[in-house]
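[1] No sequence on hand, only this structure:
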């Protein structure tokens, strides 16, 4: 007997997998990004059913809200058109996809075999509150937070530098 | 109370990672390559959260936050590089990057 949370987990997982498959096979970049948003929202539901409400909220806010919006703005700046769609069609045509798909499927089968080989009846049944996450984040993981902030600062400076050189080169 | 098997969460993470890997190898569009890397990081995050929730510890979710920060940093620099390259070459072909000069 499956309860509501399990049904939600499997439904959201199926939606995430289908949307991801569609996202990596679209010819138009914006369509791929929209399917990516669906996939990320489905993964957020998966996180919620696994007892991680804070991470579910952050998945929606940062991944689907900030990172994908960054992608969408870049697509808007590039003026992609019908000819790009034809180029994509040419790139994806034929047997180009057979090798990657077979290799990835082999790796996936191995991973699934290793996971289900051990018959553990472990369940994800604990709900962690944001308070617990925050205490762990600013307690034992304080150094990691500092390093993440330095990484983000470096990324900010790098992105600023690359954008600046481009705008100056255009003048 | 919820009773989702941990193996199912790990398998979902593995499926998302494999799909991202397939997209990374399959696409020649630089933008879609970055999207595939995001999918792979997201799959790793699913596995972290599933394992963390199984033991009732916050560590898995803390690791997801670090993955989030790394993904944000990677995508901002990657998209800036991609825009610079696109304005020079007017193409998103990954093969066109091998003509770069320092």
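    Done, it's in. Given the structure is predicted, the values throughout are model-derived calculations rather than measurements.

[2] right, and the helix or strand after the helix or strand that contains residue A:18?
    Residue A:18 is part of helix A:4-23, with elements assigned from DSSP states H and E. Remark: after helix A:4-23, the chain's next helix or strand is helix A:29-49, criterion DSSP H and E.

[3] For residue A:75, give me its contacts.
    Applying C-beta atoms under 8 Å, 6 or more residues apart in numbering or on different chains, we find residue A:75 in contact with A:29, A:30, A:33, B:31. Heads up, the C-betas are built off the backbone N, CA and C, glycines and all.

[4] ok, of the residues you listed, which come out buried?
    A:29, A:33, B:31 (16 or more other C-beta atoms under 10 Å in any protein chain shown).

[5] ok, and the closest non-adjacent residue to the last one?
    Spelled out, that is residue B:31. Leaving aside its chain neighbours, residue B:31 sits nearest to residue A:29 (5.4 Å; criterion: C-beta to C-beta, 6 or more residues apart in numbering or on different chains).

[6] Let me know the pLDDT of the one you found.
    With respect to pLDDT, residue A:29 has a value of 88.

[7] Just want the most central residue of the chain.
    The chain I'm using is chain A. Of all residues in chain A, the one closest to the mean position by C-alpha atoms, centre = their mean is residue A:40, 5.8 Å from it.

[8] that's the wrong chain, I meant chain B
    Most central in chain B (C-alpha atoms, centre = their mean) works out to residue B:38, at 2.4 Å.

[9] and that one, what helix or strand is that in?
    Judged by DSSP H and E, residue B:38 forms part of helix B:30-54.

[10] Relative to the helix or strand bottoming out on mean pLDDT in chain B, what are the paired strands and their orientations?
    Ranking every helix and strand in chain B by mean pLDDT, DSSP states H and E puts strand B:4-5 at the bottom, with a mean of 82. If you go by DSSP bridges, strand B:4-5 pairs up with strand A:123-124 (antiparallel).

[11] Please tell me how far the strand it pairs with is from the chain's geometric centre.
    Counting by C-alpha atoms, centre = their mean, to the nearest Å, strand A:123-124 is centred 23 Å from the centre of its parent chain.

[12] Name the residues that touch it?
    By C-beta under 8 Å, 6+ apart, strand A:123-124 touches A:50, A:51, B:2, B:3, B:4, B:5, B:6, B:9, B:50, B:53, B:54.
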